[in-house]
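Asks: prediction below, plus the sequence it came from.
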Amino acid sequence: MNDSPEIPPKLVEMVWDPVTRIVGSLGIHTKIDFARRRVAECYCTSSIFRGYSVFMKGKDPRDAHQITSRICGICGDNHATCAVYAQNMAFGVKPPHVAEWIINLAEAAEYMFDHNLYQDNLVGVDFSEVLVKETNPGVWEKAQRTEAPHAAIHGFRTVANIMRALNPFEGAFYLEALQMSRLTREMFSLMEGRHPHPSTLYPGGVGTNPGTQLFNEYLVRLLRYIDFLKRCVPMHDDLFDFFYEALPGYEEVGRRRVMLGCWGSFQNPDACDFRYETMSEWGREMYVTPGIVLDGKLITTDLVDINLGIRVLLGSSFYDEWEGSEMFVTHDPLGNAIDPGHPWNQTTLPRPQKRNFSKNYSWVMSPRWFDKSTGDHLALDTGGGPLARFWVTALAGKIDLGGYVRSTGQSVKINLPKTANHDAVELEWKIPRWSNTLERDRARTYFQAYAAAAALYFIDQALGEVHAGRLKTWNEFKVPKEAIGCGFHEAVRGALSHHMVIRDGRIANYHPYPPTPWNASPRDRFGVPGPYEDAVMNTPIFEENGEDKFQGIDIMRTVRSFDPCLPCGVHMYTGSAKTITVRHSPMFGAQVR
């Protein structure tokens, strides 16, 4: 890596399209300066149109959670849960306490499942022996000579042993993680029947039959998973710390300005009544604190402020502007004016066209958050989900889950009890110096422990309801003729909101905004790049291969650190690293999650 201005640039266009883990529709188009060993330019594209905001219109509002769970085959339960929150608000219904504990337990199991599977069976491959040998043989040599600081806990004597354990399909830890993911999927199904489309989750509550056996069956699996986590967390710490040591300057890979958004997770049934008028209060009582962090400072934890600030800017997307279209919501229930660019007022007008990087090039829209104090439209990212959740929760300092989880103002402490093979431990996630590739990945490991410890607290509360004889799991409601609702939640990958407008008893407008539109957005109308683009641009290149055998491992680690979604094949169309092979024009079809 050399930034000397005397060295003339050597720009080479390279494309990864499709990239894995986004249903095959994510493309990363770059210009790489091989003289300065740095990415000079990046465009992020998506070639698939889904259209949920179009065909939700006219549907029965009671079906919203069933339909939107089909948005994704991975985190469909996150969508169903968020839709239920929006339905509860619109229908004016509050579920019984035990129902909320069941939903929280299901979502905790989902975080554990997805973060485990993604971290160790998908992202982990980028740090495995196979990939490191191929892209950084010097790092591999150093790894063989480097003792793992926590070897006595996780059992891998050297960092090279950790890398071998992550080898796809044969590594010991890779295979163990697959077994753990099965346990957590069973835990989810105990609470909500099936995944990814829950069968016992409804507005007003759940259809799950609560009892001591149900929660004990969840607990037995949870304790096995916690036993695994006590090795998993220190192992990943050793791995990521090694990369900082072995490659000085690696903190700049995937680094961007700290602009993190978290919409909160795990409702507190003692506080939450799902009324918009009280959303500021009950939002702050969620067991993952909602908020926005800008340049390391917490600028709000108010869900009403968060809601009012959401804007959808088109810019480089394959859609027509809806300026002049119908305003569905002019003011919220508190009397605050709602912007025409807010999801409640969005009209989706797809305009399929040929990809053009000087104009429009993606089906993903560009959600931004309007900071009224500065007038800026912020391209927030989710940090892959866990980084934003931890950063906001740590700074807010509001969480204390019965000794299991506590936020301190600068960190989050997680206490895991004694298990079959390990004593009780306290883990501490500390606010990092950077929002970069390695810290997004590190937070994903730690958040598995957060979700597991939170689940222990939720089990305690659920059993308290059972022992008190409060077994009702659903409250009746009527669908109003006219209403609005919004749900705020954290999908595995980060901030998730659903916005619904009801007229004449039917859905008049519905817009889900999952993490991927926030993270994978193209340049907006002001020319501001989306987070993937921003994180990849100016990323230094540490890969040892020249342009003829270049794999782009630092770029791929950066994109995957955001957890882009479903695993698909990755292909690199560069020819002799001089030209781009154009695979296809954008397919007609709406934005992906």
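Replies: Done, it's in. The shown structure was predicted, so the numbers you read here are calculated from the model rather than taken from an experiment. Numbers count the residues shown, from 1 in each chain.
Asks: identify the residues contacting residue 519.
Replies: Neighbouring residues of residue 519 by Cβ atoms under 8 Å, 6 or more residues apart in numbering: 381, 382, 493, 494, 530, 531, 532, 562, 564. C-beta coordinates here come from the backbone N, C-alpha and C atoms, glycine included.
Asks: now render these as TSV, adding secondary structure.
Replies: Shown next, in TSV, are the contacts of residue 519 (DSSP: H, G, I helix; E, B strand; the rest coil):
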residue	secondary structure
381	strand
382	coil
493	coil
494	strand
530	coil
531	helix
532	helix
562	coil
564	coil
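Asks: any quick PyMOL command for the buried ones out of those residues?
Replies: Those of the contacts of residue 519 that meet the burial criterion (16 or more other Cβ atoms under 10 Å) are gathered into one PyMOL selection, given here:
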select buried, resi 381+382+493+494+530+531+532+562+564
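Asks: state the pair within the contacts of residue 519 that is farthest apart.
Replies: Across these, the two members that end up farthest from each other (Cβ to Cβ) are 493 and 530, 14.3 Å apart.
Asks: could you measure from the residue lying closest to residue 192 once chain neighbours are set aside over to residue 102?
Replies: Of all residues not flanking residue 192 in the chain, residue 198 sits nearest, at 3.8 Å (Cβ to Cβ, 6 or more residues apart in numbering). For residue 198, the distance to residue 102 (Cβ to Cβ, to the nearest Å) stands at 10 Å.
Asks: looking at the two, which one has more neighbours?
Replies: residue 102 (30 against 27; other Cβ atoms under 10 Å).
Asks: so how far is residue 49 from the more buried one?
Replies: Counting by Cβ to Cβ, the gap from residue 102 to residue 49 is 35 Å.
Asks: next: residue 69.
Replies: Residue 69 is 19 Å from residue 49, by Cβ to Cβ.
Asks: what number of residues lie near residue 354?
Replies: A total of 10 residues lie near residue 354 under the criterion other Cβ under 10 Å.
Asks: which residue ranges of the stretch 351-500 of the chain form helices?
Replies: For the stretch 351-500 of the chain, helices defined by DSSP state H, counting those that start in this stretch occupy the ranges 386-396, 437-467.
Asks: about what we covered before: using JSON lines, lay out the contacts of residue 519 together with pLDDT.
Replies: Putting those into JSON lines (pLDDT from 0 to 100) gives the following:
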{"residue": "381", "pLDDT": "97"}
{"residue": "382", "pLDDT": "97"}
{"residue": "493", "pLDDT": "93"}
{"residue": "494", "pLDDT": "95"}
{"residue": "530", "pLDDT": "96"}
{"residue": "531", "pLDDT": "97"}
{"residue": "532", "pLDDT": "96"}
{"residue": "562", "pLDDT": "95"}
{"residue": "564", "pLDDT": "87"}
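Asks: of all the contacts of residue 519, which comes closest to residue 364?
Replies: Looking at the contacts of residue 519 and their distance to residue 364, the nearest is residue 530, at 7.7 Å (Cβ to Cβ).
Asks: which residues touch that closest one?
Replies: With contacts taken as Cβ under 8 Å, 6+ apart, residue 530 has the following neighbours: 44, 364, 366, 379, 518, 519, 520, 521, 522, 523, 524.
Asks: sorry, back to before: and the helices of the stretch 351-500 of the chain: which comes nearest residue 154?
Replies: Closest to residue 154 of the helices of the stretch 351-500 of the chain, according to Cβ to Cβ: helix 437-467, at 11.7 Å.
Asks: average pLDDT across the closest one?
Replies: Taken as a whole, helix 437-467 has a mean pLDDT of 98.
Asks: taking helix 386-396 as reference, get the angle to that helix.
Replies: If you take axes from the mean of the first three to the mean of the last three Cα atoms, to 10 degrees, helix 437-467 sits at 70 degrees to helix 386-396.
Asks: now helix 437-467: how far from the chain's centre is it?
Replies: Per Cα atoms, centre = their mean, to the nearest Å, the displacement of helix 437-467 from the mean C-alpha position of its chain is 16 Å.
Asks: then stretch 225-234?
Replies: 21 Å.
Asks: mind listing what's buried in the helix or strand hosting residue 233?
Replies: Remark: residue 233 resides in helix 212-246, with elements defined by DSSP states H and E. For helix 212-246, a neighbour-count test (16+ other Cβ under 10 Å) marks 214-215, 218-219, 221-243, 246 as buried.
Asks: same for the helix or strand just after that helix, what does it pack against?
Replies: Past helix 212-246, heading to the C-terminal end, the next element that is a helix or strand (DSSP H and E) is strand 259-262. In terms of contact count using 3 or more Cβ pairs under 8 Å, 6 or more residues apart in numbering; DSSP states H and E, strand 259-262 is assigned the packing partners strand 291-294, helix 386-396, strand 494-503.
Asks: most packed of these?
Replies: With neighbours taken as mean count of other Cβ atoms under 10 Å, the helices and strands packed on strand 259-262 reach their highest mean count in helix 386-396, at a mean of 27.
Asks: output the contacting helices and strands for that helix.
Replies: strand 259-262, strand 291-294, strand 297-300, strand 405-407, strand 411-416, strand 425-430, helix 437-467, strand 494-503.
Asks: of all these, which one is nearest residue 307?
Replies: Closest among these, once you apply Cβ to Cβ, is strand 494-503, at 7.6 Å.
Asks: the closest one pairs with which strands, parallel or anti?
Replies: strand 483-491 (antiparallel), strand 506-513 (antiparallel) (DSSP bridges).
Asks: pull out the buried positions in the last one.
Replies: In terms of neighbour count (16+ other Cβ under 10 Å), strand 506-513 has its buried residues at 507, 508, 509, 510, 511, 512, 513.
Asks: is the fifth one bridged to anything, and to what?
Replies: Counting by DSSP bridges, residue 511 forms beta bridges with residue 499.
Asks: closest one of the contacts of residue 519 to residue 15?
Replies: Relative to residue 15, the closest of the contacts of residue 519 is residue 532; by Cβ to Cβ it sits at 14.1 Å.
Asks: neighbour count for residue 69 and residue 49, which is higher?
Replies: Taking residue 69 and residue 49 together and counting by other Cβ under 10 Å, residue 69 has the greater number of neighbours (24 against 21).
Asks: surely the more buried one meets residue 199?
Replies: No - the pair residue 69 and residue 199 fails to qualify as a contact (Cβ atoms under 8 Å) at a distance of 10.1 Å.
Asks: quick revisit: among the helices and strands packed on helix 386-396, which is nearest residue 159?
Replies: Comparing the helices and strands packed on helix 386-396 under Cβ to Cβ, the one sitting nearest is helix 437-467, at 14.0 Å.
Asks: so which elements touch that closest one?
Replies: Here helix 437-467 touches helix 97-121, helix 212-246, helix 386-396, strand 405-407, strand 411-416, strand 425-430, helix 553-561, going by 3+ Cβ pairs under 8 Å, 6+ apart.
Asks: could you report the separation of the residue nearest to residue 555 when sequence neighbours are not counted from residue 183?
Replies: Spatial nearest neighbour of residue 555, chain neighbours left out: residue 536 (5.6 Å); criterion: Cβ to Cβ, 6+ apart. As defined by Cβ to Cβ, residue 536 lies at a distance of 35 Å from residue 183.
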